[in-house]
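Enquirer: need the 3D shape of this:
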Amino acid sequence: MRLWPFIVARLWMRFVVHCVIAGIGTARIILRRQTPPAGLVRLRYAPMSATGAAILGAMVTLSPGTSAIDIDPVRREILLHLLDKGAAGATLAGIRRNFEPDLCRLFPEET
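Expert: Residues are numbered from 1 along each chain as shown. Next up, the predicted model:
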């Protein structure tokens with residue numbers, strides 16, 4: 001596992017970029033003074049350890065416009081609150097694309 005510093009650095013960079021993009025989207029919602037449909041969605045996450053799922057939940061919560069409400073390790077689901085539920089598909093795709101692959105490598109599923 002000699003590549004883990006590279007994986008951590010890449011995950012960190014993706015997290016920062018994700019937060020900037022999510023922050024711009026949240027600022028647009030606030031400045032337009034429109035209330036998008038907020039709501040809850042479930043994110044089914046890839047196989048990873050409980051630590052990896054907790055870090056995924058923390059990263060999602062630290063991103064503007066999203067909050068992790070609950071993590072169900074049995075179903076491998078995270079219940080999320082989204083500021084704009086209308087963009088749920090893009091939000092979930094971004095989380096999967098930006099965070100899951102590196103977290104799965106750093107925190108593989110325990111057997």
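Enquirer: what about the residue nearest to residue 52 when sequence neighbours are not counted, neighbour count?
Expert: Using C-beta to C-beta, 6 or more residues apart in numbering and skipping residues adjacent in sequence, the residue nearest residue 52 is residue 107, 2.9 Å away. To be clear about C-beta, it is placed using only N, CA and C from the backbone, and glycine gets the same treatment. Using other C-beta atoms under 10 Å, residue 107 is surrounded by 18 other residues.
Enquirer: quick check on residue 107: phi, psi?
Expert: For residue 107, the backbone dihedrals are phi -130, psi 70 (criterion: degrees, to the nearest 10).
Enquirer: that one contacts residue 47, doesn't it?
Expert: No. With contact defined as C-beta atoms under 8 Å, residue 107 does not count as touching residue 47 (10.0 Å).
Enquirer: what do these two both touch?
Expert: Common neighbours of residue 107 and residue 47, using C-beta atoms under 8 Å, 6 or more residues apart in numbering, do not exist here.
Enquirer: mind checking how far the residue nearest to residue 52 is from residue 99?
Expert: Counting by C-beta to C-beta, to the nearest Å, the gap between residue 107 and residue 99 amounts to 11 Å.
Enquirer: what is in contact with the two at once?
Expert: When C-beta under 8 Å, 6+ apart defines a contact, no residue borders residue 107 and residue 99 alike.
Enquirer: pLDDT below threshold where in this protein?
Expert: By pLDDT under 70, the low-scoring segments of the chain are 1-2.
Enquirer: and the strands in it?
Expert: 39-44, 66-72, 77-82 (DSSP state E).
Enquirer: need the winner for burial among these.
Expert: Mean neighbours per residue, mean count of other C-beta atoms under 10 Å, is largest over the strands of the chain for strand 77-82, with a mean of 19.
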